[in-house]
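A.B. asks: what's the 3D shape of this:
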Amino acid sequence: MSIDDMKPGYALDALVAEKVLGWRLEYHTFGSDLPGGPFRAYGYDSSGRHLCGDFPHFSTDIAAAWQVVEKFAADNWEVSVGWSIADNAWLCGIGLDGHGWDMELADTALHAICLAALKAMEATSG
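C.D. replies: Purely as a prediction, here's the structure:
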């Protein structure tokens, strides 16, 4: 599945935790009655601290999504989040030294932030 096809939810949140924030995730099988299904990711954040429980819901919780924005800002990236009247959608662009800046459109600002963050990391890693 491509980044463009990802919807808000557990899979997108896990990818943001791993690819954007540098968390090392471990996948374990649990009961299927848990949010996110029978497979849950636990692990360690970028400082090595063990995550007890689940990682933040970056694509559905504004406080968690803002951690992503702050991560890029702390690393001197430019971040733009806003509403596009022409597209009737939220947009986000993240760039650094000419890399990134694909403006991602989504139904929510949180979803747009997650998509743009993943695209920015993809653009600079390769």
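A.B. asks: show me the shaky parts of this protein.
C.D. replies: For the chain, the stretches flagged by pLDDT under 70 are 26-46, 48-54, 99-100, 126.
A.B. asks: contacts for the longest helix seen in it?
C.D. replies: With secondary structure taken from DSSP state H, the chain has its longest helix at helix 109-125. By CB atoms under 8 Å, 6 or more residues apart in numbering, the residues outside helix 109-125 that reach it are 3-4, 6-8, 12-13, 15-16, 19-20, 58-62, 65, 68-69, 72, 77, 81, 89-96, 99-100, 102-106. C-beta here means a position set from N, CA and C on the backbone, and glycine is covered the same way.
A.B. asks: of those residues, just the buried ones, ChimeraX syntax please.
C.D. replies: In ChimeraX syntax, the buried subset of these is picked out as below (16 or more other CB atoms under 10 Å):
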select :3,6,8,12,13,15,16,20,58,59,60,65,68,69,72,77,81,89,90,91,92,93,94,95,96,100,102,103,104,105,106
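A.B. asks: among the contacts of helix 109-125, which are in strands?
C.D. replies: 81, 89-96, 99-100, 104-106 (DSSP state E).
A.B. asks: CSV for these, including distance to residue 125?
C.D. replies: Formatted as CSV, the ones in strands among the contacts of helix 109-125 follow (distance: CB to CB, whole Å):
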residue, distance to residue 125
81, 22
89, 26
90, 25
91, 23
92, 19
93, 18
94, 13
95, 14
96, 12
99, 10
100, 11
104, 17
105, 23
106, 22
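A.B. asks: and which of the residues you listed is nearest residue 25?
C.D. replies: Comparing those against residue 25 with CB to CB places residue 94 closest, at 21.9 Å.
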